[in-house]
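> task: produce atomic coordinates for the following.
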Amino acid sequence: MPHTKGLASHWRRIPQWYRLEGVYCENCGFYYFPSRNICPECRREGRLRPHKLKGTGTVYSYTIVHAPPQGFELHRPYIVAIVQLDEGPKLTTQIVDCKRDDIKIGSKVKMTFRKIQDGSKEGIIHYGYKFKPVEA
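Residues are numbered from 1 along each chain as shown. This is a model prediction of the structure:
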């Protein structure tokens, strides 16, 4: 029988993983990802509402992973980057659909939906966002 604690957590994160949904503070105008309940800038004065981010941004920093964690050995080497979204938040993500030499700091990227991992204890195949270069 699958472990249900992970299953509940999985379902709560679907808006972030599947739709790249964050929040927008109507008081200060900042976007946040992942979603949060209180605006770090405005605190209690903030008025947060869900916001689907565009899914486009710029590579802020990156590295090439040659010694991956268990379960990702078949994917090596792969690129992990910090992407600054056009709305402002930064997130950590894998860069796909390119050669290692094709990605640089400042490269424009866009979100794509991919399988992240399967074979978990819960029996769930995890899907979510990754990013790929924007074609020039």
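
> any residues touching stretch 82-90, and which ones?
Contacts to stretch 82-90, defined as Cβ atoms under 8 Å, 6 or more residues apart in numbering, come from residues 22, 30-33, 51, 53-62, 91-93, 109, 131. The way it works is simple: take the backbone N, C-alpha and C, and place the C-beta from them, glycine included.

> output the below-cut-off pLDDT ranges for the protein.
For the chain, residues meeting the criterion pLDDT under 70 lie at 1-18, 119-122, 136.

> redo that, cut-off 90
Along the chain, the model assigns pLDDT under 90 to residues 1-19, 35-36, 44-45, 69-76, 100-101, 113-128, 135-136.

> which parts of it are helices?
In order along the chain, the chain carries the following helices (DSSP state H): 4-12, 14-19.

> what residues are bridge-paired with the closest residue in space to Tyr24 that isn't next to it in sequence?
Closest residue to Tyr24 apart from its sequence neighbours, by Cβ to Cβ, 6 or more residues apart in numbering: His51 at 4.0 Å. Here His51 sits in beta bridges with Gly22, going by DSSP bridges.

> check contacts around His51.
Glu21, Gly22, Val23, Tyr24, Tyr31, Glu87.

> buried subset of these?
Members of the contacts of His51 that pass the buried threshold by neighbour count (16 or more other Cβ atoms under 10 Å) are listed as Glu21, Gly22, Val23, Tyr24, Glu87.

> and the third one, what does it touch?
Residues in contact with Val23 (Cβ under 8 Å, 6+ apart) are Tyr31, Tyr32, Phe33, Ser35, Arg36, Leu48, Arg49, Pro50, His51.

> shouldn't the first one be in contact with Leu53?
Yes - at 6.9 Å, Tyr31 and Leu53 qualify as touching, with contact defined as Cβ atoms under 8 Å.

> which residues do those two both contact?
Common neighbours of Tyr31 and Leu53 are listed as Gly22, Leu85, Glu87, Pro89 (criterion: Cβ under 8 Å, 6+ apart).

> tell me which of those residues is nearest to Glu41?
Distance from Glu41 was checked for each of these by Cβ to Cβ. The minimum falls on Pro89, at 12.7 Å.

> in stretch 42-54, which residues are buried?
Within stretch 42-54, the residues scored as buried using 16+ other Cβ under 10 Å are Cys42, Gly46, Leu48, His51, Leu53.
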